[in-house]
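In: Quick one, fold the following:
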Amino acid sequence: MTHLTYAVGDIHGDLEQLHSIMARIDADFQKSGADSHHIVFIGDLVDRRPDSKGTIDYLMDGLAAGKPWTVLKGNHDRLMEWFFDDPHRHDPHLKPDYSWLHHRIGGVETLASYGVTVPENYRECLGDILAMAVKNVPAAHVDFIRNLSLSYETDDIFFCHAGVNLDRPLNDQTETDLVWIRDGWLDNPKMAAKLILHGHTIVDEVTHYGNRVNIDTGAAWGDTLSAVVTIGRDVFQLTEQGRVEITQPA
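Out: Residues are numbered from 1 along each chain as shown. Below is the predicted model of the structure:
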C-alpha cells in the first residue's frame, strides 16, 4: 500500500495561491496511483496577504469534511491567538516596538479580511480594536488557531513550522521553539532523529540542507507558495511541470 505525505508552505492569507497549490497536489496524487495521502500545512496561515479569513474558512471546511489534513501552528498564528487573549501581550521574539498590529507583521491585513479597520494610532485604542475583532472574527476561527497542532511525524520526517532545538529530543520540543526558532538552528548541521521539514524563514527556493528542508518561499510577500511530496526521506517539489527532487548538498 503506497501512502504519500504532502506539505504546503507558509500561506499567510494567500487563498488564491492555496487553491492553485491544492489543485497541483490533487493532480499529483491522482497521477501517482498511490492508495492514500496526507497533507500537512506548515503554519503561518494568516497575516500580510489579503484573505486570512478565507484561508481559515477553507482549512476548517476541509477538516470538517474529513480531509486527511494536519494544520500546524506558526508564529503568526500564535500572535493572532495571543492578541485575542490579551492585546497588550508582547511576544519577546518581536522587536520591542513591534506587535501583531505593526505594519510589518500583518495583523492589520488579517483583521481587514474580517471587516475590521485598524487605525494608525492603534496603540492608544487596543481595547476598542479587540472589541471590534471579537465582534467580527468568529469565535470558531480563534479556537481553531488556538488548537492547531505543533508538529506531525512520519517514520522518516518531522514536520513543524520553524524548526527544532537540536539539543532536545523531537518528543521534547517547546512550543516557542517549534513556532519561532532560528538561532542555533538554521546554522546547525547536527542531525536530528528524523529529517526536519519546516518553513518560517524565507528562502528563494525549496532547499535541502542535509538535516532539514525549508519550504517557505515567500508567499507572505507575494512570492511563490510551494508544496512538496515526501516518500520516505525523499522530498520532491511539485511544479507546473511535475515533480522535481530536492536533493541535499554534496
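In: need the contact list for residue 248.
Out: Residues counted as contacts of residue 248 (C-beta atoms under 8 Å, 6 or more residues apart in numbering) are 208-210. Where C-beta positions appear, they are placed from N, C-alpha and C, glycine not excepted.
In: hmm, which of these are the buried ones?
Out: With burial judged by 16 or more other C-beta atoms under 10 Å, the buried subset of the contacts of residue 248 is 208-209.
In: With respect to residue 135, which of the contacts of residue 248 is nearest?
Out: Taking C-beta to C-beta as the measure, residue 209 is the one of those closest to residue 135, at 44.7 Å.
In: distance of the closest one from residue 181?
Out: From residue 209 across to residue 181, the span is 14 Å (C-beta to C-beta, to the nearest Å).
In: could you say what helices and strands the longest helix along the chain packs with?
Out: Ordering each helix of the chain by length in residues (DSSP state H) puts helix 15-32 first. On a contact count with 3 or more C-beta pairs under 8 Å, 6 or more residues apart in numbering; DSSP states H and E, helix 15-32 meets strand 3-8, strand 36-41, helix 52-64, strand 227-231, strand 234-239.
In: Redo these as TSV? Include mean neighbour count and distance to residue 190.
Out: Compiled in TSV, the helices and strands packed on helix 15-32 are given as follows (neighbours: other C-beta atoms under 10 Å; distance: least, C-beta to C-beta, whole Å):
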stretch	mean neighbour count	distance to residue 190
strand 3-8	22	22
strand 36-41	20	23
helix 52-64	18	33
strand 227-231	23	21
strand 234-239	18	19
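In: now these as JSON lines including mean pLDDT and distance to residue 121?
Out: Shown next, in JSON lines, are those (pLDDT from 0 to 100; distance: least, C-beta to C-beta, whole Å):
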{"stretch": "strand 3-8", "mean pLDDT": "98", "distance to residue 121": "37"}
{"stretch": "strand 36-41", "mean pLDDT": "98", "distance to residue 121": "35"}
{"stretch": "helix 52-64", "mean pLDDT": "98", "distance to residue 121": "23"}
{"stretch": "strand 227-231", "mean pLDDT": "97", "distance to residue 121": "40"}
{"stretch": "strand 234-239", "mean pLDDT": "98", "distance to residue 121": "44"}
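In: who wins for proximity to residue 154 among those?
Out: Nearest to residue 154, of the helices and strands packed on helix 15-32 and by C-beta to C-beta, is strand 3-8 at 5.5 Å.
In: partner strands of the closest one, parallel or antiparallel?
Out: Using DSSP bridges, the strands paired with strand 3-8 are strand 36-41 (parallel), strand 227-231 (antiparallel).
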